[in-house]
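*Asks:* Kindly return the folded structure for what I paste below:
(one chain, ligands or ions: 1)
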Amino acid sequence: MRTPIIAGNWKMHKTPAEAVAFVNAIKGALAELSAVERVVCPPYVALPGVAEALHNTDIAVGAQDVHWEESGAFTSQISAPMLVGLVKYVIVGHSETRQYQGVTDEMVNRKAKAALSHGLRPIIAVGESLEINEAGETQAFVERQIRAAFAGIPAEDLSRIVVAYEPIWAIGTGRSASGEQANAIIGGIRATLAELYGAAHAEAMRIQYGGSVKPANMVEFMSQPHIDGALVGGASLKEDAFVELVRLAIQAKGLA
Ligand code: PGA
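*Replies:* Purely as a prediction, here's the structure:
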């Protein structure tokens, strides 16, 4: 049984003070919903405050990205050793970093390895553009992203990795994939992982869906067998909506 994982990707939203106020407001309600793993990924500058506010809870903190080097002349970047003690998870390969910061498949692989080597857990994000989707090439494209992201990562690290499938055309657009479409692609990702690592490892891996997830469509996604949670942007910024997403995941997976 894979424990579902709901992660809020706050992107470039909330000041440090707002971030702390937000987690203080939801941590009571989330404490009772421990059947799924709950993660918040605030901007870097809010991580110390949020980590402290969540210190005695089982709500995890994640970063939104990490550099692959440990230190050096990389103005503006944050390395894995800097995140140790602050976060459990780190998102790598989010499509916005691929699109606006030129992050390539090879960099995603290096970022994931850097996170793993410092005891952090990467959430590896993959997903296709509208053009690729409409050309019917989603499965092949996502398979290539997965193979590149996992290159050289040994099987014993897999239990510390989460995959997020996020079709780019569904991110922040209000236009989500259907539960069935997402389940089919995620099933394909699992098949690729099975080719790389064997069926048992692939079956144990958690794979999230992301892209315009909100309370109104949460059950549609979470009732799919291959979907083990959600990476949520917009809806994770609202206290009620985020708590409701976690509640709906528990309900849809029959964990209540
Ligand atoms: P969205 O973002 O939920 O606002 O579509 C998802 C993401 O980019 O992780």
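*Asks:* my guess is residue 178 meets residue 220, correct?
*Replies:* Yes: using CB atoms under 8 Å as the test, residue 178 is close enough to residue 220 to be in contact (7.3 Å). In short, each C-beta sits where N, CA and C put it, glycine included.
*Asks:* who's more crowded, these two?
*Replies:* residue 220 (20 against 12; other CB atoms under 10 Å).
*Asks:* quick one: that one and residue 181 touch, right?
*Replies:* No: with contact defined as CB under 8 Å, residue 220 does not reach residue 181; the gap is 10.6 Å.
*Asks:* doesn't residue 214 make contact with residue 241?
*Replies:* Yes: using CB under 8 Å, residue 241 is in contact with residue 214, at 6.6 Å.
*Asks:* What is the neighbour count of the closest residue to the ligand within the chain?
*Replies:* In the chain, the residue that lies nearest the ligand is residue 233 (2.3 Å; CB to the nearest ligand atom). If you count neighbours by other CB under 10 Å, residue 233 ends up with 22.
*Asks:* wait, what's in contact with the closest residue to it other than its chain neighbours?
*Replies:* Closest residue to residue 233 in three dimensions, ignoring its sequence neighbours and counting by CB to CB, 6 or more residues apart in numbering: residue 9, at 5.2 Å. Contacts for residue 9 were tallied using CB atoms under 8 Å, 6 or more residues apart in numbering; they are 41, 64, 91, 94, 210, 231, 232, 233, 236.
*Asks:* burial count for the nearest residue to residue 130 once chain neighbours are set aside?
*Replies:* Nearest residue to residue 130 in three dimensions, chain neighbours excluded: residue 169, at 3.8 Å (CB to CB, 6+ apart). Look at residue 169: counted by other CB under 10 Å, it has 20 neighbours.
*Asks:* for residue 169, what are its contacts?
*Replies:* 128, 129, 130, 133, 175, 211.
*Asks:* Dump the residues you listed into CSV; add distance to residue 117 and secondary structure as well.
*Replies:* What follows is these, written out as CSV (distance: CB to CB, whole Å; DSSP: H, G, I helix; E, B strand; the rest coil):
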residue, distance to residue 117, secondary structure
128, 29, coil
129, 31, coil
130, 35, helix
133, 34, helix
175, 37, coil
211, 30, coil
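*Asks:* Pull out the buried members of those.
*Replies:* 128, 129, 133, 211 (16 or more other CB atoms under 10 Å).
*Asks:* ok, so of those residues, who is nearest residue 28?
*Replies:* residue 211 (29.0 Å; CB to CB).
*Asks:* if I read this right, that closest one contacts residue 166, doesn't it?
*Replies:* Yes: counting by CB under 8 Å, residue 166 is a contact partner of residue 211 at 5.0 Å.
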